[in-house]
Each structure stands twice: as C-alpha cells, then as structure tokens.
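In: Turn this into a structure:
(chains A and B)
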Amino acid sequence: MFAHNGIIILLTLLIALMASIMPMPLSADAFRPDWVLIVLIYWCMALPGRVNIITAWVMGFLLDVLLGSVLGVHAAAMAISIYIIIGNHQKIRNFSIWQQALITGVLAALYHLVVFWLQRFLIDVVFLPSYLYPVITTIVLWPWVFYLLRKIRRNFSIK
Amino acid sequence: MNPIFKHGPSPLHRLMLVLFCSALLIFFDYKMASFESARGYLQSLVSPLQYLANTPKQLMTWASTNLTTRQQLMTENQQYRLNELTFQEEAMQLVILKQENERLRSLLASPLRSEIKKMVAEVISVDSDPYTHQVVINRGASDGVYEGQAVLDALGTVGQILHVGQTSSRVILITDISHAVPVRVQRNGLRLLASGSGQIDRLIHNFVPQSADVKVGDLLVTSGLGGKYPEGYPVAEVSFVSNDESREFVRVYSTPVAQIDRLRYLLLLSEKEPQNIFAPKVQEENSSSSVKIPTKVIN
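Out: Residues are numbered from 1 along each chain as shown, chains lettered A, B, ... in the order given. As a prediction, the model looks like this:
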C-alpha cells in the first residue's frame, strides 16, 4: 500500500472523507457530491492493483461511523459500486471524459439507491427525489477530479 | 510493477466476502445493538477527522466575529444590557418562587426536584446523510457526557445523546424518524407523543383522540414521563390540526421550537451522576476503586 507514494492515495481518500462531512448550509447540503465514491472510482480505474473492493469497503465503513448510520450500510453500497468499476476498468479507461462522467453518475445513483434500499429495510424512510440530487453534482465534478487526480498520480509517479 | 497475472482472490470473491461482512455488521449493529461500546471507540477514532473538517467553518466564524464594526458592537452591547436587566429581575423572582415551590412540595410530601446540572457544548459537524438527523458536539466522556442525556438550545429541546466518544459525541435530534419525545400541552396538561418525521420542521403526533383539546398555536413542553427529558422544557408548537371527523384519530403536526437547522451552541442537562463508558467495569465489592470523572459543569 505504501510503496511508490501509496500514502498519497490514502491522503486523497482522507481528504474526500473530510469533504463529505464538512458543515455546509442546509440548501447546499442536498447537493453534496459523493467525494469518496469519485476518488475511489478514479483510483480503481487507474490502479486496480492498489485500490480494490476491500479498500472501498473500509472507506464505506469509515463513512458509516462518520455519518452515524447503521454500520455496514454505506460499506456495502460502496463495495457494490466499486465492484462494477473493477470488472470493467479496462473498458472505462478508454472512454471519453464525458462518457466516464455519465458512468460515474449511474454508479452514484446505484450507490444512493442501495443505501436507500438498505435503510428502507431497516427503518421506515420514504423516498424523496432530493436523495438523488448528489448524482447531478457528481457528474459535473468528475472531469475536474479526474484531471486533478491524474496530475497528482503523474506528479508523484504513483504506480 | 504491474503483474499480468493477478494474485489474490478474484473481485467476485472479494465482493462476496465484504457483503457477508456488511450483512453481519448490519445484523449485529441494528438487531442486536451489540456495538454500543465499540461505537464509542470508533467515534473517538474518527473525531480528529471531524475536528479537521470543521476548521474552515471555524475560520469563517473567527473572521466574521473579528471583523465587526464599532457601531455594531455598541448596538449589540446596548441590547445585551437591556436583556440582562429583565433577566436579573426574573432571576430575583425565581429564587423566591423556587423556595416557595420547595416548601409547598415538602408540605405535600412529594419528592423534591433535584437540581439539574448544565454543560455548554458546541456543534462541530452536522450529518450529510439525509436519512438520519444527527449532529456531533465537542464534548465527550472526558467531560462527563453520558448516553441518553437531554440536549437543549436557547429556545427549546433539541434531542438526546446517542453515542459518546472520548472527546466528541453524537446527538440524535427530535426530528429524526426513529426518535420520539413524551410531551404535554402546556395550556391544559394533555399528554401527547411527539415523533420525528424525518423533516426538519415537523413533528407528528399519533393516536390523538377526536375528543382531545388541541389547537393550532399550543405550546408543547416535555412531560418528563420517559425519564430521559426533565420536565417542563418547550419542544414544539402545534402547527396543524385536521378537523376530519371520519377518521379514528386526529392528525396533529407541530413545528419544533428549537432552531434545528441552525444549531451552534447547545446545553446538556444532567440529573444523575455521569457514568463513563470508557471507565473499567466496576465490581460491586470494590466499588471504591471507581474512576473519578472530571466534570466541567456549570451550575
């Protein structure tokens, strides 16, 4: 994990975790993008040997602790989304940036729906369309995160 | 190095493994509630992250408090002086009323009310998870916070402590869908139950009979019946009463009095001696070796 500047991967993931719990005004909060998911998707696509499903599950577990939800809910949703990326990373790598953004959006929607289904199974939450607002911001954010993380990966020559 | 032939288990096996772990965690955390103490340690573990995530907001608050004009400060000061005058007057009355109340209670041979201790806490992070309504505060077991403690803001009841960490703890709000407060109508003492609705500005009251005397604008205060919340603190104001008599029960909604969406400083109330969850389990015979917890308490 820590060879070839692997610590940088961990650092970006920690920053993503922090961004996902940072206090924001209530109106902007519904649009908070899925920082951890985006960063995990990038690293899984670029370096599937370093970041895998186990990493995604651990990050989801930390998110569960940070958000105070039932332990294992976000972890399972994160692992399922990342499994799809792991299985198709060779294909998705060759897509254009906007196609990748759309795929990220679909995965974000899947992630939110899995979390919703599990919560629905446990406590009686009702579905509101606002639960899927983060998908829009996630799609918009993907190109920026992609270029930034690629720059970081090349700059620190993380392999 | 990028190996052509991959080592280790295949992605599908890994997925099965972690999903199995998740299912176990969900079962033990939700159905058996066996992670209560582990939650405390996990909360302590991630609290540095929460403090770090809070720094930008704190910088902004610091800037805004330091960049006020002299004029603003003067008007604020004037306002506080006036407020203090009225509060002083009320406090003078309160001492006499308290004494009188105690005398009357002792005459009636009813148990005396114990003095409630208070502690001030600051909100350090608010959950972005839309399914739960929780906030994290900057007080933990080392300050004497315990699970189930009632939490107020300047206007009314906010919620109760859910998980306690060493330096931070988690508050579940009264609007959370899994939370309910026993309340009574201040006007006539009618008992109700205020359940959270998952919406920040609404509490729901179930099973209110058609004959109940509830009106829009009634103030609901805690009834102290559950044993969690001390009696008499404002909770919500009735905002909607349906007058559909074909139903078995009246639909009653209310709006929380506390400013749930703009919480900053909170007050923790404690009636009993705090019990540190990180303290070693004390046996009955050597209870003298119990750990003394330093408490920062404002009386």
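In: Can you name the residues of the stretch 151-299 of chain B that neighbour chain A?
Out: When proximity is defined as CB under 8 Å from any CB of the partner chain, the stretch 151-299 of chain B approaches chain A at B:Leu162, B:His163, B:Arg170, B:Ile177, B:Ser178, B:Gly198, B:Ile200, B:Asp261. C-beta here means a position set from N, CA and C on the backbone, and glycine is covered the same way.
In: want to throw the residues you listed into a markdown table with distance to B:Leu267 and secondary structure?
Out: Output for these, formatted as a markdown table (distance: CB to CB, whole Å; DSSP: H, G, I helix; E, B strand; the rest coil):
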| residue | distance to B:Leu267 | secondary structure |
| --- | --- | --- |
| B:Leu162 | 17 | strand |
| B:His163 | 19 | strand |
| B:Arg170 | 17 | strand |
| B:Ile177 | 24 | coil |
| B:Ser178 | 23 | coil |
| B:Gly198 | 25 | coil |
| B:Ile200 | 20 | coil |
| B:Asp261 | 18 | helix |
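In: can the residues you listed go into a markdown table with extra columns for neighbour count and pLDDT?
Out: Supplementary listing: those in a markdown table, determined by neighbours: other CB atoms under 10 Å in any protein chain shown; pLDDT from 0 to 100:
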| residue | neighbour count | pLDDT |
| --- | --- | --- |
| B:Leu162 | 24 | 89 |
| B:His163 | 23 | 86 |
| B:Arg170 | 26 | 90 |
| B:Ile177 | 19 | 87 |
| B:Ser178 | 16 | 87 |
| B:Gly198 | 20 | 83 |
| B:Ile200 | 15 | 86 |
| B:Asp261 | 15 | 83 |
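In: Would you check which pair of those residues lies furthest apart?
Out: B:His163 and B:Asp261 (22.0 Å; CB to CB).
In: show me where pLDDT drops low in the chain?
Out: Picking chain A for this. Residue ranges of chain A with pLDDT under 70: A:1-3.
In: not what I meant, chain B
Out: B:1-7, B:111-113, B:128, B:272-299.
In: switch to 50 and redo it
Out: B:1, B:283-299 (pLDDT under 50).
In: Following the record's annotation, map out the domains of it.
Out: Per automatic domain parsing, the structural domains of chain B span B:11-66, B:71-113, B:180-257.
In: Any idea which of the ones you listed gets closest to B:Ala121?
Out: domain B:11-66 (13.3 Å).
In: at contact distance from chain A, anything in that closest one?
Out: Yes: against chain A, domain B:11-66 shows contacts by CB under 8 Å from any CB at B:11-12, B:14-15, B:18-19, B:21-26, B:29-30, B:35, B:39, B:42-43, B:45-46, B:49-50, B:52-54, B:56-57.
In: List only buried entries from these.
Out: B:11, B:14-15, B:18-19, B:21-22, B:25-26, B:29-30, B:35, B:39, B:42-43, B:46, B:49-50, B:53-54, B:57 (16 or more other CB atoms under 10 Å in any protein chain shown).
In: Which residue does chain A have closest to chain B?
Out: A:Gly72 (3.3 Å; CB to the nearest CB).
In: Now do the contacts for B:Leu198.
Out: Just so we're on the same page, residue B:198 is Gly rather than Leu. Shown in contact with B:Gly198 (CB atoms under 8 Å, 6 or more residues apart in numbering or on different chains): A:Val125, A:Val126, B:Tyr131, B:His133, B:Thr175, B:Asp176, B:Ile177.
In: how far away is it from B:Arg191?
Out: Counting by CB to CB, to the nearest Å, the gap from B:Gly198 to B:Arg191 is 24 Å.
In: What is the top strand by length along chain B packed up against?
Out: Identified as the longest strand of chain B according to DSSP state E is strand B:117-126. Under the contact criterion of 3 or more CB pairs under 8 Å, 6 or more residues apart in numbering or on different chains; DSSP states H and E, strand B:117-126 touches helix B:36-66, strand B:134-137, strand B:265-270.
In: Would you point to the one among these that's packed deepest?
Out: Ranked by mean neighbour count, these are led by strand B:134-137 with a mean of 24 (mean count of other CB atoms under 10 Å in any protein chain shown).
In: and that strand, how far out from the chain's middle?
Out: 8 Å (CA atoms, centre = their mean, to the nearest Å).
In: need the contact list for the residue in the stretch 101-250 of chain B that chain A sits nearest to.
Out: Closest to chain A within the stretch 101-250 of chain B is B:Asp129: 4.2 Å, counting by CB to the nearest CB. B:Asp129 makes contacts with A:Leu67, A:Gly68, A:Ser69, as judged by CB under 8 Å, 6+ apart.
In: For A:Tyr42, give me the backbone phi and psi.
Out: When read as degrees, to the nearest 10, the backbone of A:Tyr42 gives phi -60, psi -50.
In: Would you mind measuring from the residue nearest to it when sequence neighbours are not counted to B:Leu203?
Out: Counting by CB to CB, 6 or more residues apart in numbering or on different chains, A:Tyr42 lies nearest to A:Leu149, which is 4.7 Å off, once chain neighbours are set aside. Plainly put, A:Leu149 is 44 Å away from B:Leu203 if you go by CB to CB.
In: out of the two, which sits in the more crowded spot?
Out: B:Leu203 (28 against 21; other CB atoms under 10 Å in any protein chain shown).
In: where do the helices sit along chain A?
Out: Remark: helices assigned in chain A by DSSP state H are A:6-19, A:26-29, A:35-46, A:53-67, A:73-93, A:97-122, A:133-155.
In: So what does the residue nearest to B:Leu203 when sequence neighbours are not counted look like in phi/psi?
Out: Once flanking residues are discounted, B:Leu203 sits nearest to B:Ala194: 4.4 Å by CB to CB, 6+ apart. Dihedral pair for B:Ala194: phi -100, psi 110, per degrees, to the nearest 10.
In: For B:Ala194, give me its contacts.
Out: Contacts for B:Ala194 (CB under 8 Å, 6+ apart) come out as B:Ile174, B:Ala180, B:Val181, B:Pro182, B:Val183, B:Leu203, B:Ile204, B:His205, B:Leu220, B:Val235, B:Ala236, B:Ser254.
In: how about the residue nearest to the fifth one when sequence neighbours are not counted, secondary structure?
Out: Excluding its sequence neighbours, the residue lying closest to B:Val183 (CB to CB, 6+ apart) is B:Leu220, at 4.3 Å. Assigned state for B:Leu220: strand (three-state reduction, DSSP: H, G, I helix; E, B strand; the rest coil).
In: and if you look at the one 5 residues further on?
Out: Three states are possible here, and by three-state DSSP the one that applies to B:Leu225 is coil.
In: Give me the neighbour count for the closest residue to A:Ile97 other than its chain neighbours.
Out: Closest residue to A:Ile97 apart from its sequence neighbours, by CB to CB, 6+ apart: A:Pro143 at 5.1 Å. By other CB under 10 Å, the residues close to A:Pro143 number 14.
In: repeat for B:Lys215
Out: 11.
In: list the contacts for it?
Out: Applying CB under 8 Å, 6+ apart, the residues contacting B:Lys215 are B:Arg187, B:Val238, B:Val241.
In: run the last query once more with 7 Å
Out: Contact analysis of B:Lys215 by CB atoms under 7 Å, 6 or more residues apart in numbering or on different chains lists B:Val238, B:Val241.
In: Thanks a lot, catch you later.
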